[in-house]
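> Let's see this in three dimensions:
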Amino acid sequence: MIATKSNNEIYIPDHYRLTIDRYNYITYCKAEGSYTKIYFSDKESVMTARRLKIIQQQLSNNGFIRCHKSYLVNVRFIKEVRIKTPALIVLQSGETIKIACRKLRNIKQYLYRKFLLFE
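Below is the predicted model of the structure:
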């Protein structure tokens with residue numbers, strides 16, 4: 001079970017250890033079958049035996065958006081959103097993440113409300 005607690009901490013179990021980290025350092029999560037790989041701002045990553053949907057339930061109220069069936073992104077690390085095809089999120093690290101066509105409208109609305117980015 002992925003669990004959150006006060007002080008912005010998240011407990012991430014994997015096969016060998018239980019990682020306790022602050023979820024505001026998570027840049028994005030990527031689904032890999034029944035597993036999820038969680039990427040941190042220090043370029044570290046951890047694989048957990050939890051589906052992305054479970055992680056999304058824990059993080060969605062903390063500035064994370066589901067932009068694709070395989071990705072959950074921390075909006076604090078978004079540098080740019082390219083809304084023309086192919087729609088992409090560019091992270092501060094320079095990595096790009098696909099935006100599913102059906103999710104683009106919701107992402108634009110969310111970012112507009114949060115940052116007043118789009119008209």
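> neighbours around L91, how many?
Applying other CB atoms under 10 Å, we find 19 residues neighbouring L91. (Each C-beta comes from the backbone N, C-alpha and C, glycine too.)
> Which element is encountered next along the chain beyond the helix or strand harbouring R66?
In this structure, R66 sits in strand 64-68 according to DSSP states H and E. Where DSSP H and E defines the elements, the next helix or strand beyond strand 64-68 is strand 71-74.
> okay, that following strand in PDB with CA atoms only?
Output of strand 71-74 as PDB, limited to C-alpha atoms (Å, rounded to 0.1, in the frame of the first residue of the first chain):
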ATOM      1  CA  TYR A  71       1.900   8.900 -16.800                       C
ATOM      2  CA  LEU A  72       1.200  10.900 -13.700                       C
ATOM      3  CA  VAL A  73       3.000  14.200 -13.500                       C
ATOM      4  CA  ASN A  74       3.800  16.600 -10.700                       C
END
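> Direction included, what does it pair up with?
Partner strands for strand 71-74, per DSSP bridges, with pairing direction: strand 26-32 (antiparallel), strand 64-68 (antiparallel).
> closest one to F40 among those?
strand 26-32 (5.9 Å; CB to CB).
> Using neighbour counts, pick out the buried residues of that closest one.
Within strand 26-32, the residues scored as buried using 16 or more other CB atoms under 10 Å are I26, T27, Y28, C29, K30, A31.
> just stretch 93-104 next, same as before
Buried residues in stretch 93-104 (16+ other CB under 10 Å): I97, I99, K103.
> List the ones among the residues you listed that fall in helices.
Counted as lying in helices by DSSP state H, out of the buried residues of stretch 93-104, are K103.
> all helices of this structure, in order?
Going by DSSP H, the chain shows helices at 52-59, 101-115.
> before we move on, back to that, now mean pLDDT too, for the strands paired with strand 71-74, in a markdown table please.
Conversion of those to a markdown table gives the following (pLDDT from 0 to 100):
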| stretch | mean pLDDT |
| --- | --- |
| strand 26-32 | 96 |
| strand 64-68 | 95 |
